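Q: I need the structure of the sequence given here:
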Amino acid sequence: MTQTNFPLSPVYWGNEEEHRRFNAEAANRAINGKVNCVSTVTLTASTATTVVQDMRVGPDSFIGFMPTTSAAATELYGATMYVSSRATAGQFTITHANSGVTTRTFTYCVFA
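A: Residues are numbered from 1 along each chain as shown. Modelled structure (predicted):
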């Protein structure tokens, strides 16, 4: 799993002018879609579920998928996969077709 990491704005900073600049840069990145909510996952081959560890996930999280391979597109648009659990903080489970295909890779985003 890979994850994009944009710098966070510090909660405290000794120099108020620099702190305002950090906050403005973070706000501008967010407005332009540069937020730390994107990662990748490849579905586990030869099983019907894939468990993803992601500290951003909670029981009310929205998890969206974008296929990055043709095998992933077939899985998603064939309506054979869905998020079956978000009950445990920091992880979610994807239920999908039990297939030996090893290239079902997605970029996903988490909003909570």
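
Q: Dig out what Phe106 forms beta bridges with.
A: Val41, Pro67 (DSSP bridges).

Q: Please, which helix or strand holds Asn23?
A: Using DSSP states H and E, Asn23 sits within helix 16-31.

Q: Could I get the average pLDDT for that helix?
A: Average pLDDT, helix 16-31: 89.

Q: Can you name the residues in contact with it?
A: Phe6, Pro7, Leu8, Ser9, Pro10, Tyr12, Trp13, Val35 (C-beta atoms under 8 Å, 6 or more residues apart in numbering). Just so you know, the C-beta spots here come from the backbone N, C-alpha and C atoms, and that holds for glycine as well.

Q: Now with 6 Å, please.
A: By C-beta atoms under 6 Å, 6 or more residues apart in numbering, the surrounding residues in contact with helix 16-31 are Phe6, Ser9, Trp13.

Q: Domain parsing of this structure, as residue ranges.
A: Domain ranges of the chain: 1-35, 37-111, per automatic domain parsing.
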